[in-house]
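Novice: sequence and predicted structure below; questions after.
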Amino acid sequence: MSERLTRIEPIEIPLLEPVHGLKSVTGALGTPEWWPTGSRICVVIAQASAAEDPLLDALQHRLSERRFLSLRFPMPYMAAGKRREDDLRVMRRTYQAAVAVLGRDPTAAPAHVFAGGMNIGALVAAHAAATHMRIEGLFFLGYPLHNKDETKALRDERLYRIVTPMLFVQGTRDEFCKLDLLRQVLRRVGAPVQLHVVEDANHRLRVLRRTSKRKNEEVHAEVHGALESWMANILEPAP
């Protein structure tokens, strides 16, 4: 894979007001070769933490190789090294600010934006999308439907307000999202939904060697394939 095809650079995302003393958070912008020619598709991903994530790193490189612009970024509390999550309003505004950064240069702005996130980032993406962001679709990597093994209080309210197509990528060993409960929720969602189940994967969409014969690199390819196929079907639906 050539260096030009995987040019990933830091980008500052300004915050509406300082949070934890920060005026911005630093994201990673993956720019494919010859951007902005072609379909001009961008994928926005809110991270699960400030730490490096092998899945998101592999996903961003694969997207760049396939000529998608990509942006991933942390929430303010992650960037500040805090453990307590920010108020959802703060995180929602951060997500909206990240999407707005893509339009700063009109000559290079994407024509199509797919928004999503991983774990807490997925929840924030759902809240941001419910405020009528202009996006083609919404994807969730390990959506946190409930607290660990506590299934009475579900984080499903925002999902019923979303009108854009949604993709859920969930592991069979996810303790924060029981698949039977998620399927019940999705049957009540009004927007088009698709569920892709990753066998043996946990909440971070990782597999453990002692419990699975699969490799995490296989999961990375599977997640990318599910995401790209879903986006293609939205932009060019089958006749």
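Specialist: That came in fine, so what should we check first?
Novice: give me the residues contacting the single longest strand found in the chain.
Specialist: Scanning the chain for the strand with the most residues, using DSSP state E, yields strand 7-19. With contact meaning Cβ atoms under 8 Å, 6 or more residues apart in numbering, strand 7-19 is reached by 22-33, 60-61, 64, 71, 73, 76-77, 80, 86, 90, 93-94, 97-98, 101. Backbone N, C-alpha and C define where each C-beta goes, glycine included.
Novice: please repeat the previous calculation with a cut-off of 7 Å.
Specialist: Contact with strand 7-19 is made by 22-31, 60, 64, 73, 76, 86, 90, 93-94, 97-98, 101, as judged by Cβ atoms under 7 Å, 6 or more residues apart in numbering.
Novice: in helices, which of those fall?
Specialist: 60, 64, 76, 90, 93-94, 97-98, 101 (DSSP state H).
Novice: and which of those is nearest residue 147?
Specialist: residue 90 (20.6 Å; Cβ to Cβ).
Novice: mind giving me the PyMOL command for buried ones among the contacts of strand 7-19?
Specialist: Buried subset of those, written as a PyMOL selection, criterion 16 or more other Cβ atoms under 10 Å:
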select buried, resi 24+25+27+28+29+30+31+60+64+73+76+86+90+93+94+97+98+101
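Novice: for the most centrally placed residue in the chain, list the residues it contacts.
Specialist: Of all residues in the chain, the one closest to the mean position by Cα atoms, centre = their mean is residue 117, 2.2 Å from it. Residues in contact with residue 117 (Cβ under 7 Å, 6+ apart) are 45-46, 124-125, 140-141.
Novice: nearest residue to it other than its sequence neighbours?
Specialist: The spatial neighbour of residue 117 that comes closest, neighbours along the chain excluded (Cβ to Cβ, 6 or more residues apart in numbering), is residue 46 at 3.3 Å.
Novice: neighbours around that neighbour, how many?
Specialist: 29 (other Cβ atoms under 10 Å).
Novice: ok, residue 195 next?
Specialist: 15.
Novice: can I assume it sits in a strand?
Specialist: Yes. Under DSSP: H, G, I helix; E, B strand; the rest coil, residue 195 falls within a strand.
Novice: quick one: residues contacting it.
Specialist: 168, 170, 186.
Novice: can you confirm the last one is in a helix?
Specialist: What it means is residue 186. Yes. Judged by three-state DSSP, residue 186 forms part of a helix.
Novice: per-residue pLDDT, it?
Specialist: Here the pLDDT value assigned to residue 186 is 97.
Novice: what's the answer for the second one, then?
Specialist: According to the model's per-residue confidence, residue 170 sits at a pLDDT of 98.
Novice: and the helices in the chain?
Specialist: 54-65, 76-79, 88-101, 120-129, 179-188, 216-235.
Novice: which stretches of the chain have low pLDDT?
Specialist: Scanning the chain for pLDDT under 70 picks out 1-6, 238-239.
Novice: try 50 this time
Specialist: 1-4 (pLDDT under 50).
Novice: from residue 202, how far out is residue 177?
Specialist: 10 Å (Cβ to Cβ, to the nearest Å).
Novice: give me the more crowded residue out of the two.
Specialist: Between residue 177 and residue 202, counted using other Cβ under 10 Å, the more crowded position is residue 177 (23 against 18).
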